[in-house]
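Undergrad: Predicted model, plus sequence, below.
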Amino acid sequence: MSELQKQQCEACNADAPRLSEQEIQTYLQQVPGWQVKDHDGVAILTRQYTFKNFAEALSFTQKVGELAESYQHHPALVTEWGKVTVDWWTHKIKGLHRNDFIMAAKTDGLGG
Ligand SMILES: C[C@H](O)[C@H](O)[C@H]1CNC2=NC(N)=NC(=O)C2=N1
């Protein structure tokens, strides 16, 4: 299990600072497969997982949903045939917080 996977999300409020570009680059190295994309000026951490069929993609989506509920930190999820796209960001700060990288590492731990 990676260091990020073991960490807990801390409560994040609107005053929490967004990660700097340098911090983002450092954290990205710890979650191979994840990328940062820009959505209307908001940085989002994204990854696609592939599966054999729709049922497996849906089952993984459900697991990510349960993880999200347990941490009260919620991603955008797109489920397609053989594919799930997971986007993490922190709505309250309109950008990336360390929590998003922790959740990305925990998502990888679900065995997608
Ligand atoms: C009250 C509740 O905990 C907040 O609105 C949470 C819900 N889930 C969340 N999920 C994410 N990804 N970012 C947030 O800022 C966020 N806020």
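TA: Thanks, I have the structure now.

Undergrad: Name the SS class of residue 46, please.
TA: Here residue 46 is recorded as strand under DSSP: H, G, I helix; E, B strand; the rest coil.

Undergrad: ok, how many other residues are close to it?
TA: Residue 46: 18 surrounding residues under other C-beta atoms under 10 Å. Glycine gets a C-beta too; all of them are placed from N, C-alpha and C.

Undergrad: isn't it right up against residue 85?
TA: Yes: with contact defined as C-beta atoms under 8 Å, residue 46 counts as touching residue 85 (6.6 Å).

Undergrad: ok, and for the top helix by length along the chain, which residues are buried?
TA: The residue-count maximum for a helix in the chain (DSSP state H) belongs to helix 54-71. Neighbour counts over helix 54-71 (16 or more other C-beta atoms under 10 Å) mark 57, 60-61, 64, 67-68 as buried.

Undergrad: Which ones among the residues you listed also lie next to the ligand?
TA: Applying C-beta under 6 Å from any ligand atom to the buried residues of helix 54-71, one finds that nothing falls near the ligand.

Undergrad: ok, which stretches of this structure are helices?
TA: Under DSSP H, the chain gives helices at 3-6, 21-28, 54-71, 98-108.

Undergrad: Which elements pack onto the longest one?
TA: Using 3 or more C-beta pairs under 8 Å, 6 or more residues apart in numbering; DSSP states H and E as the contact criterion, the elements in contact with helix 54-71 are strand 76-80, strand 83-88, helix 98-108.
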